[in-house]
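1. predicted model and sequence follow; I will ask about them next.
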Amino acid sequence: MKANILVVDDEPVARQSLTDILRLEGYQVTAAANGEAAVEHARNYSVDLMVLDLKMPGMNGLDVAQVVSQVSPDTEIILLTAFGSMESAVEALRQRVHDYLLKPASPAQILESIRKGLERRELRRRNKEGETEEVQMYTAPDGVQVDIMRRIVMQGDKKEMLTPAEGHLLKVFLENPGKVFSHRELVLLVQGYDVSQREAQEILRPLVSRLRHKLTAFETLYDRIQSVRGTGYVFEE
């Protein structure tokens, strides 16, 4: 089933044009002419992704993003603006906006951003489902134990405490042996936000390094965290 998308723009021609393009792609599309209507729709209907104009009278795009993040936290948001600025881009990131595109963005750019946004939403959904079956204690064949909740790795008289980020990363690995994760997927799962592939590598490299350093004394865990060249990481089975 195709995703539900809400197009929000106060310019009728731009709103109708984008709505038509997305419907031709098979999406279920609703249009709103202002921020207030967008928020009302998000309160009452399921919205998988919102394509949102930044500059609108009344509630602007950042105002809408702030409210929607509260009333419909699973909705992905793409901001479109003809008035790009560093301040608004930074604020968009604070509101956990998926993407920030400058007008005139081509249909191909918008469609690609929508595709990535929906993939991100699906990844988060699968991760939440997995949390209902999460393992509280992991025990390796050689006796290494990981207390997931307390973020403690132990074996005999050896014990290491992990930071929240290190513990979450190890949890993701333990629950998905053999799965190759991209850098971006791991940052999303561990830190909860989306970044570029380059930024993701910069974030993960020191985090993985610190985790592996703490696991040096626990070979069954240390040896299984492997880098996949040009892609990300895998916790080997």
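-> Now that the structure is in, tell me what you want to look at. Only a predicted model underlies this, so the values are computations on that prediction, with no experimental measurement involved. Numbering: from 1, shown residues only.
2. and the longest helix seen in the chain, what does it pack onto?
-> Counting residues, the longest helix in the chain under DSSP state H turns out to be helix 107-131. If contacts are counted by 3 or more Cβ pairs under 8 Å, 6 or more residues apart in numbering; DSSP states H and E, helix 107-131 sits against helix 12-24, strand 49-53, strand 76-81, strand 99-102, helix 183-191. Any C-beta I mention is one placed from the backbone N, CA and C, and that applies to glycine too.
3. and the pLDDT at residue 111?
-> Listed pLDDT for residue 111 reads 94.
4. so it touches residue 24, yeah?
-> No: using Cβ atoms under 8 Å, residue 111 makes no contact with residue 24, being 10.3 Å away.
5. between these two, point out the one with more neighbours.
-> Ranked by neighbour count (other Cβ atoms under 10 Å), residue 111 and residue 24 place residue 111 first, with 15 against 10.
6. which residues does the more buried one contact?
-> Shown in contact with residue 111 (Cβ atoms under 8 Å, 6 or more residues apart in numbering): 21, 25.
7. residues near residue 160, how many?
-> Residues lying near residue 160 (other Cβ under 10 Å) number 19.
8. my guess is it meets residue 221, correct?
-> No: with contact defined as Cβ under 8 Å, residue 160 does not reach residue 221; the gap is 10.0 Å.
9. identify the contacts common to the two.
-> Common contacts of residue 160 and residue 221 (Cβ under 8 Å, 6+ apart): 153, 215.
10. where in the protein is the helix or strand with the lowest mean pLDDT?
-> Of all helical and strand segments in the chain, the minimum by mean pLDDT, DSSP states H and E falls on helix 86-94, at a mean of 57.
11. domain parsing for this protein?
-> 4-130, 137-235 (automatic domain parsing).
12. the last one: end-to-end distance?
-> Taking Cα to Cα, to the nearest Å, domain 137-235 runs 17 Å from one end to the other.
13. element containing residue 146, please.
-> Under the criterion of DSSP states H and E, residue 146 resides in strand 145-147.
14. tell me the helix or strand right after that strand.
-> Using DSSP H and E, the helix or strand that follows strand 145-147 in sequence is strand 152-155.
15. quick one: strands adjacent to that following strand?
-> Strand pairing for strand 152-155, determined by DSSP bridges: strand 145-147 (antiparallel), strand 158-161 (antiparallel).
16. turn those strands into JSON lines, including distance to residue 31 and mean pLDDT.
-> Converted to JSON lines, the strands paired with strand 152-155 look like this (distance: least, Cβ to Cβ, whole Å; pLDDT from 0 to 100):
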{"stretch": "strand 145-147", "distance to residue 31": "49", "mean pLDDT": "89"}
{"stretch": "strand 158-161", "distance to residue 31": "52", "mean pLDDT": "91"}
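17. of these, which is nearest residue 178?
-> Closest to residue 178 of the strands paired with strand 152-155 is strand 145-147 (Cβ to Cβ; 17.5 Å).
18. can you pull the buried residues of that closest one?
-> Buried residues in strand 145-147, counted by 16 or more other Cβ atoms under 10 Å: residue 146.
19. and for stretch 98-114?
-> Those would be 98, 99, 100, 101, 105, 110, 113, 114, for stretch 98-114 by 16+ other Cβ under 10 Å.
20. just the CA coordinates for it, please, in PDB.
-> Output of stretch 98-114 as PDB, limited to C-alpha atoms (Å, rounded to 0.1, in the frame of the first residue of the first chain):
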ATOM      1  CA  HIS A  98      14.100  14.700   7.400                       C
ATOM      2  CA  ASP A  99      15.200  17.000   4.600                       C
ATOM      3  CA  TYR A 100      15.500  20.600   3.600                       C
ATOM      4  CA  LEU A 101      15.300  21.400  -0.100                       C
ATOM      5  CA  LEU A 102      15.700  24.800  -1.800                       C
ATOM      6  CA  LYS A 103      13.100  25.800  -4.400                       C
ATOM      7  CA  PRO A 104      12.900  25.200  -7.200                       C
ATOM      8  CA  ALA A 105      13.600  21.600  -6.400                       C
ATOM      9  CA  SER A 106      13.100  19.300  -9.300                       C
ATOM     10  CA  PRO A 107      10.400  16.500  -9.200                       C
ATOM     11  CA  ALA A 108      13.300  14.000  -9.200                       C
ATOM     12  CA  GLN A 109      14.900  15.600  -6.100                       C
ATOM     13  CA  ILE A 110      11.600  15.700  -4.300                       C
ATOM     14  CA  LEU A 111      10.700  12.100  -5.200                       C
ATOM     15  CA  GLU A 112      14.200  10.800  -4.100                       C
ATOM     16  CA  SER A 113      13.900  12.700  -0.800                       C
ATOM     17  CA  ILE A 114      10.400  11.200  -0.200                       C
END
